[in-house]
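Novice: Below is the structure, and that's it, no one-letter string:
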């Protein structure tokens, strides 16, 4: 971008604050020095008042009218500031005059002050205030002017405003566009970034994770509560009651059959069957209890190995994100190191221009321009001596300036070399860190295979357990079943001769209904259903665990994107400056990032630097802001006694240094420039 160059060529001040009448001509670099209260800052105030009706600090509420020895404003004088400026080589004369407006009171001989009137002019032509302001606005925006003329202006802004300006160096890109530049790394995140901010996305997944964590805490309690329904004794009691009802029913049926001489014996056998069935239920329940205990151990092992597997997967995901972030930082540091290397080479080949000899003293200079005769010898010798003094001074200044140039170049080379070594060291450190992280990833991948194998083995072990215990191989259970079978056959033979009795039919129907009701209760209390519900909850627990892992993965991905984007933005912005760096993001205790804006020099906050270093930092900022906005203006450096030619960066702008010295009167020096 081509830079618009605005220069201050001269200024003429009359009756402005403490300055009665002063004219100053400016060069590419002008030093204005004097004791305090000699009017150095007044020159800057006069220039900003002329352009924007503000003082050099940006305040519009300041007094410009001079005071008498008693501290009272002096009336009936005009305040005038005239300035000649150049814009890309085109010169303009600007003028502003302030007059008091005195109005005679009606019916009296006195007048009263009713404010001030400002008159404006450009190149000798009167202008309205609007036309004058529009002309200045066409040259430079007031806010930009403040930022690029005062080294302290930018760092005096609120940090959010500083950050807003710095972000202009990056350009306008959406988060989705930035994410797309990283290939497949943020593929899952891009659709979300197109419709929401990273802050809202984090809130979404954090809220979902919180709700799922609550579910994860509640599910074990629900499993425990349902497990309490696996009470074997309750089912046994129902079995006993059912058997008793069956015996009673059988008695009724026997009575209905009538005429059976062996009824008492049959009843005795039925009671024995009832007791055997009760014992059979106890044996089955004991086997079920053993199965439940063994299955619990297996389930716990499956849950433990599943958690181990999830932990390894989480570590792998975190390592993957850290590897990507470290690689990005490495690439950025590699580019910075290469840029510093190029800067060093460019600085190395810089050379001070050769001395342009002072124009020699010609013979014509020793001849009287009026009569054409040779000047008297005494005058000749004085002219020759003066020339020799000027020549010696000229050459001495050249030598001094060349020496200063060489010294500054050496300092620049040393600084760039130091920065380059630090940058290269950080680059190598990041490369080593990336290799170490990749080694850790390889180790975790091995662990993943081991944990997966252990998990599969645990699941296989759990699958060996049936839902209900098989008691068919229990000798006691088989013997009992056999006894019941024998007794039932004996009863069947003994009850062959039967006849019905109508009065017992109703009682028989009632008993059947009661037996059916108890059977229903037994079925409702069947452990199979309870275990099935437990299995459902365990499956739900696993699904919730996976959902939590999914939320964590998205949260990690968003935070990785934020960190990567912030590193990219920081590198981009800090690459625009040679001396200062900006800390744009701060790490929070919870691992997140928050926005900030802190100017540093070699890691030291600006607030901790001395005045000279703060000025140098401000000049570096102005240099970059001038490039950003495409315009350079005169830079007024207050307290310039704090800096010297050796620590001031090379500036493309006109420099006006205001320095405190012991001089009682203002001293103006414009630097001679060698081309």
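Specialist: That came through fine. Here the structure is a predicted model, which means the values were calculated and not measured. Residues are numbered from 1 along each chain as shown.

Novice: What is the neighbour count of residue 627?
Specialist: By the measure other C-beta atoms under 10 Å, the count of residues near residue 627 is 15. Heads up, the C-betas are built off the backbone N, CA and C, glycines and all.

Novice: Domain map for the protein?
Specialist: 4-140+633-670, 198-320+466-540 (automatic domain parsing).

Novice: Could you dump those domains into CSV and include mean pLDDT and distance to residue 371?
Specialist: Shown next, in CSV, are the domains of the chain (pLDDT from 0 to 100; distance: least, C-beta to C-beta, whole Å):
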stretch, mean pLDDT, distance to residue 371
domain 4-140+633-670, 90, 35
domain 198-320+466-540, 78, 88
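
Novice: can you put the ones you listed in CSV and add distance to residue 153 and mean neighbour count?
Specialist: Shown next, in CSV, are the domains of the chain (distance: least, C-beta to C-beta, whole Å; neighbours: other C-beta atoms under 10 Å):
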stretch, distance to residue 153, mean neighbour count
domain 4-140+633-670, 8, 16
domain 198-320+466-540, 31, 15
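
Novice: how about those domains, which one is nearest residue 401?
Specialist: domain 4-140+633-670 (8.9 Å; C-beta to C-beta).

Novice: Just the endpoints, please. Distance across that closest one?
Specialist: By C-alpha to C-alpha, to the nearest Å, the extent of domain 4-140+633-670 from end to end equals 23 Å.

Novice: re the thing from before, which one of the domains of the chain lies nearest to residue 552?
Specialist: Comparing these under C-beta to C-beta, the one sitting nearest is domain 198-320+466-540, at 6.5 Å.

Novice: Throw the domains of the chain into CSV and include distance to residue 603, thanks.
Specialist: CSV is the format used below for the domains of the chain (distance: least, C-beta to C-beta, whole Å):
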stretch, distance to residue 603
domain 4-140+633-670, 18
domain 198-320+466-540, 28
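
Novice: closest one to residue 588 among the ones you listed?
Specialist: Among the domains of the chain, domain 198-320+466-540 sits nearest to residue 588 (C-beta to C-beta), with 12.3 Å.

Novice: To residue 343, which of the domains of the chain lies closest?
Specialist: Going by C-beta to C-beta, the one of the domains of the chain nearest residue 343 is domain 4-140+633-670, 12.2 Å.

Novice: and the residue lying closest to residue 222 once chain neighbours are set aside, which of the three is it?
Specialist: Nearest non-adjacent residue to residue 222, counting by C-beta to C-beta, 6 or more residues apart in numbering: residue 537, 5.8 Å away. What DSSP: H, G, I helix; E, B strand; the rest coil gives for residue 537 is helix.

Novice: ok, back up a step: can you say which of the domains of the chain is nearest to residue 577?
Specialist: Comparing those by C-beta to C-beta, domain 4-140+633-670 comes nearest, at 10.0 Å.

Novice: Assess the claim that residue 82 and residue 93 are in contact.
Specialist: Yes. Using C-beta atoms under 8 Å, residue 82 makes contact with residue 93 at a distance of 6.9 Å.

Novice: any shared contact partners between the two?
Specialist: Shared contacts of residue 82 and residue 93 (C-beta atoms under 8 Å, 6 or more residues apart in numbering): none.

Novice: returning to what we had before: between the domains of the chain, which one is nearest to residue 366?
Specialist: Between these, domain 4-140+633-670 lies closest to residue 366; by C-beta to C-beta that is 30.2 Å.

Novice: close enough to count as contact, residue 522 and residue 238?
Specialist: Yes. Applying C-beta under 8 Å, one finds residue 522 in contact with residue 238, separated by 4.9 Å.

Novice: Next one: residue 548 relative to residue 459, how far apart?
Specialist: Using C-beta to C-beta, to the nearest Å, residue 548 is found at 21 Å from residue 459.

Novice: So between these two, which is more surrounded?
Specialist: For the pair residue 548 and residue 459, the greater number of neighbours falls to residue 548 (19 against 14), based on other C-beta under 10 Å.

Novice: Tell me if the more buried one really is in a helix.
Specialist: Yes. Assessed with three-state DSSP, residue 548 lies in a helix.

Novice: Name the nearest residue to it, ignoring sequence neighbours.
Specialist: Nearest residue to residue 548, sequence neighbours excluded (C-beta to C-beta, 6+ apart): residue 212, at 4.8 Å.

Novice: What residues does the one you found make contact with?
Specialist: 544, 547, 548, 551.

Novice: burial of the last one, as a residue count?
Specialist: It refers to residue 551. Count around residue 551 with other C-beta under 10 Å applied: 20.

Novice: Start the count at 30 instead of 1 going forward.
Specialist: Let's use 30 as the start, then, which means that last one is residue 580.

Novice: Kindly provide the distance from it to residue 666.
Specialist: Distance of residue 580 to residue 666, computed by C-beta to C-beta: 55 Å.

Novice: Show the residue spans covered by the helices in the stretch 30-179 of the chain.
Specialist: 69-81, 158-168, 171-178 (DSSP state H, counting those that start in this stretch).

Novice: quick one: low-confidence parts of the stretch 330-479 of the chain?
Specialist: Within the stretch 330-479 of the chain, no range satisfies pLDDT under 70.

Novice: Can you show me the helices along it?
Specialist: Using DSSP H, counting those that start in this stretch, helices in the stretch 330-479 of the chain cover 406-492.

Novice: Mind naming the longest strand for this structure?
Specialist: strand 119-133 (DSSP state E).

Novice: Tell me the strands beside that strand, with direction?
Specialist: If you go by DSSP bridges, strand 119-133 pairs up with strand 108-116 (antiparallel), strand 140-151 (antiparallel).

Novice: can you list those strands in CSV and add distance to residue 653?
Specialist: Output for the strands paired with strand 119-133, formatted as CSV (distance: least, C-beta to C-beta, whole Å):
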stretch, distance to residue 653
strand 108-116, 21
strand 140-151, 32
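
Novice: so which of those strands comes closest to residue 308?
Specialist: Of all the strands paired with strand 119-133, the one in closest proximity to residue 308, counting by C-beta to C-beta, is strand 108-116 (112.7 Å).

Novice: Let me see the contact set for the nearest residue to residue 441 once chain neighbours are set aside.
Specialist: Among residues not flanking residue 441 along the chain, residue 376 sits closest, at 5.1 Å (C-beta to C-beta, 6+ apart). For residue 376, the contacting residues are 438, 441, 442, 445, by C-beta under 8 Å, 6+ apart.

Novice: pretty sure residue 536 is touching residue 281, no?
Specialist: Yes. Counting by C-beta under 8 Å, residue 536 touches residue 281, with 5.3 Å between them.

Novice: centre of the chain versus the strand or helix carrying residue 296, how much separation?
Specialist: Counting by DSSP states H and E, the element that carries residue 296 is helix 292-377. Centre-to-centre, helix 292-377 and its host chain are 34 Å apart (C-alpha atoms, centre = their mean, to the nearest Å).

Novice: do stretch 589-600 as well
Specialist: So, by C-alpha atoms, centre = their mean, the centroid of stretch 589-600 is 7 Å from its chain's centroid.

Novice: again with stretch 610-629
Specialist: Centroid displacement of stretch 610-629 relative to its chain, using C-alpha atoms, centre = their mean, is 7 Å.

Novice: Also stretch 376-393?
Specialist: 54 Å.

Novice: what about it, how long is it end to end?
Specialist: Rule used - C-alpha to C-alpha; the end-to-end distance of stretch 376-393 is 44 Å.

Novice: What is the neighbour count of the nearest residue to residue 452 once chain neighbours are set aside?
Specialist: With C-beta to C-beta, 6+ apart as the criterion, residue 452 has its nearest non-adjacent residue at 4.4 Å, and that residue is residue 366. A count of nearby residues for residue 366, using other C-beta under 10 Å, gives 20.
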